[in-house]
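Enquirer: quick one: sequence plus predicted model below, questions after.
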Amino acid sequence: MIEPGDLLRRLFAAAVAAADPAVSLAKALPEPPRGRTIVVGAGKAAASMARAVEAAWPGDLSGLVVTRYGHGAPTTRIEVVEASHPVPDAAGEAASRRILDLVAGLTPDDLVLCLISGGGSALLSLPAPGLTLSDKQAVNHALLKSGAAIGEMNCVRRHLSGIKGGRLAAACHPARVVTLLISDTPGDDPLDIASGPTVADPTTCADALAILDRYRIELPEARLHLASGRGESVKLGDPRLGNPDLRMVATPLMALQAAASLARREGLTPLILGDAIEGEAREVGKVMAGIAKSVAAHDLPVPKPCLLLSGGETTVTVRGDGRGGRNVEFLLALGAVLDGHPGIYAVAGDTDGVDGLEDIAGAVLGPDTKARAAALGLSLAASLDRNDGHSFFEALGDGVVTGPTLTNVNDFRAILIA
């Protein structure tokens with residue numbers, strides 16, 4: 001019989017492998033230009049994307065990309081700078097200024113390849129004129145704790161930035177801009193991948209201010225900037241954007257489909273529930289537990305043995321002081337509802353290898369999780385109350401630790417019903 005825990009870990013590995021830029025980036029590259037080729041970019045996959053460009057590009061090129069600390073990769077012609085995520089730092093600010101310098105003064109014969117992946121919102125940390133890095137850090141801290149959805153967070157970020165919200169593409173004018181994207185956002189909207197540095201932004205300063213109001217975020221400098229309208233982003237029809245050329249290299253659905261293929265080879269029926277699931281992680285966990293119990297009892301919506309797959313980006317409203325992330329939060333809630341239900345196993349992890357603030361991708365849950373935890377004096381419900389998923393699964397030895405994967409197509413969840 002297949003060992004469920006081992007299979008779940010292999011499914012997660014297959015999902016991550018499907019998002020490796022080395023697999024699919026080369027076929028998305030444009031023809032070389034008559035003039036220069038400049039490569040810039042940001043995100044958790046930026047270094048591996050730069051490496052893939054170097055391996056496939058037939059002519060000269062140069063450039064700079066910024067990625068998360070520990071997510072670098074060896075390159076020879078494209079410089080890789082590491083900076084802080086999810087809260088920006090001075091290294092990201094300096095790298096952003098250098099990127100703008102690199103794309104200044106180009107001609108229509110030149111080409112800018114923009115390599116954009118999840119995490120770029122924090123890594124491209126150039127404050128708008130009149131704001132400081134500390135202002136942006138305060139906003140990021142507040143948004144991360146608020147439970148705001150990723151689209152809401154990115155709307156605020158775009159209007160406090162000197163490089164996001166279409167500003168990077170505008171700075172490249174009149175050169176041709178081709179944006180290669182690895183999506184980490186529900187719906188794969190380029191506007192929300194790294195807060196859309198190369199795409200027009202239909203949202204406004206007023207929208208961003210309303211989000212701060214909604215989550216009761218009182219930061220005077222940011223609010224004043226938005227209220228003045230000084231942070232307005234680049235809009236559709238701006239001649240500096242030309243005809244946007246946006247090309248998807250990897251998406252959450254591609255990762256889920258790779259896991260589904262592996263499941264079929266192992267004799268399981270896969271059902272992809274969705275690649276763009278949002279909401280509070282604990283609420284998603286409760287819903288998924290209900291679906292899994294329906295399969296176990298009634299073979300609905302799919303007969304067992306089967307695998308329920310889903311992706312997207314949930315949120316966590318921080319209430320406790322534990323060590324957590326949205327994927328282990330999901331598993332705690334799932335396990336609390338399943339209550340040791342026999343024959344149901346699950347894995348959840350962030351495909352970049354970092355769930356929350358720690359270098360732990362996620363964890364594995366099984367029917368014996370509750371009993372094994374109780375033997376150690378731990379409780380699924382109590383750990384959920386403290387937002388302490390990493391401590392819980394670490395004590396059981398059930399964490400999934402991959403190290404930096406150098407890609408990012410967001411959350412991966414798989415529930416096995418034997």
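Expert: Nice, thanks for sending it over. Numbering: from 1, shown residues only.

Enquirer: can you name every helix or strand that the longest strand anywhere in the chain contacts?
Expert: Across the chain, the longest stretch assigned as strand under DSSP state E is strand 269-277. Counting by 3 or more C-beta pairs under 8 Å, 6 or more residues apart in numbering; DSSP states H and E, the packing neighbours recorded for strand 269-277 are helix 252-265, helix 281-298, strand 306-312. Where you see a C-beta, it was placed from the backbone N, CA and C, and this is true even at glycine.

Enquirer: same thing but at 7 Å, please
Expert: Where contact means 3 or more C-beta pairs under 7 Å, 6 or more residues apart in numbering; DSSP states H and E, strand 269-277 is packed against helix 252-265, strand 306-312.

Enquirer: next SSE downstream of the last one?
Expert: Toward the C-terminus, strand 306-312 is succeeded by helix 326-338 as the next helix or strand (DSSP states H and E).

Enquirer: hmm, L262 is touching A13, no?
Expert: No - the criterion here is C-beta atoms under 7 Å, and L262 misses it with A13 at 9.1 Å.

Enquirer: before we move on, back to that, just the helices and strands packed on strand 269-277: most buried one?
Expert: Of all those, strand 306-312 has the most neighbours on average by mean count of other C-beta atoms under 10 Å, namely a mean of 23.

Enquirer: for it, which strands pair with it and how are they oriented?
Expert: strand 269-277 (parallel), strand 411-417 (antiparallel) (DSSP bridges).

Enquirer: deepest in the core, which of those is it.
Expert: Counting by mean count of other C-beta under 10 Å, strand 411-417 has the highest mean neighbour count of the strands paired with strand 306-312, with a mean of 27.

Enquirer: need the strands paired with strand 306-312 in CSV (columns: distance to G147 and mean pLDDT).
Expert: Formatted as CSV, the strands paired with strand 306-312 follow (distance: least, C-beta to C-beta, whole Å; pLDDT from 0 to 100):
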stretch, distance to G147, mean pLDDT
strand 269-277, 16, 97
strand 411-417, 16, 98
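
Enquirer: dump these into a markdown table; add distance to F392 as well.
Expert: Formatted as a markdown table, the strands paired with strand 306-312 follow (distance: least, C-beta to C-beta, whole Å):
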| stretch | distance to F392 |
| --- | --- |
| strand 269-277 | 23 |
| strand 411-417 | 17 |
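
Enquirer: indicate which one of the ones you listed is closest to E394.
Expert: In terms of C-beta to C-beta, the element of these nearest to E394 is strand 411-417, at 19.2 Å.

Enquirer: just the angle for that closest one relative to helix 281-298, thanks.
Expert: 20 degrees (axes from the mean of the first three to the mean of the last three C-alpha atoms, to 10 degrees).

Enquirer: need the contact partners of strand 411-417.
Expert: Applying C-beta atoms under 7 Å, 6 or more residues apart in numbering, the set of residues contacting strand 411-417 from outside is 4, 7-8, 11-12, 15, 255, 259, 288, 292, 295-296, 304-314, 326-327, 330, 343-351.

Enquirer: okay if I get the helices and strands packed on strand 269-277 as a markdown table plus distance to E221 and mean pLDDT?
Expert: Listed next are those as a markdown table, based on distance: least, C-beta to C-beta, whole Å; pLDDT from 0 to 100:
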| stretch | distance to E221 | mean pLDDT |
| --- | --- | --- |
| helix 252-265 | 35 | 97 |
| strand 306-312 | 33 | 97 |
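
Enquirer: out of these, which gets nearest to A46?
Expert: So among these, helix 252-265 is nearest, using C-beta to C-beta, at 18.2 Å.

Enquirer: before we move on, back to that, can I get the helices and strands packed on strand 269-277 in TSV including distance to L25?
Expert: Supplementary listing: the helices and strands packed on strand 269-277 in TSV, determined by distance: least, C-beta to C-beta, whole Å:
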stretch	distance to L25
helix 252-265	13
strand 306-312	20
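
Enquirer: which of the contacts of strand 411-417 count as buried?
Expert: Neighbour counting by 16 or more other C-beta atoms under 10 Å classes 4, 7-8, 11-12, 15, 255, 259, 288, 292, 295-296, 304-314, 326-327, 330, 344-351 among these as buried.
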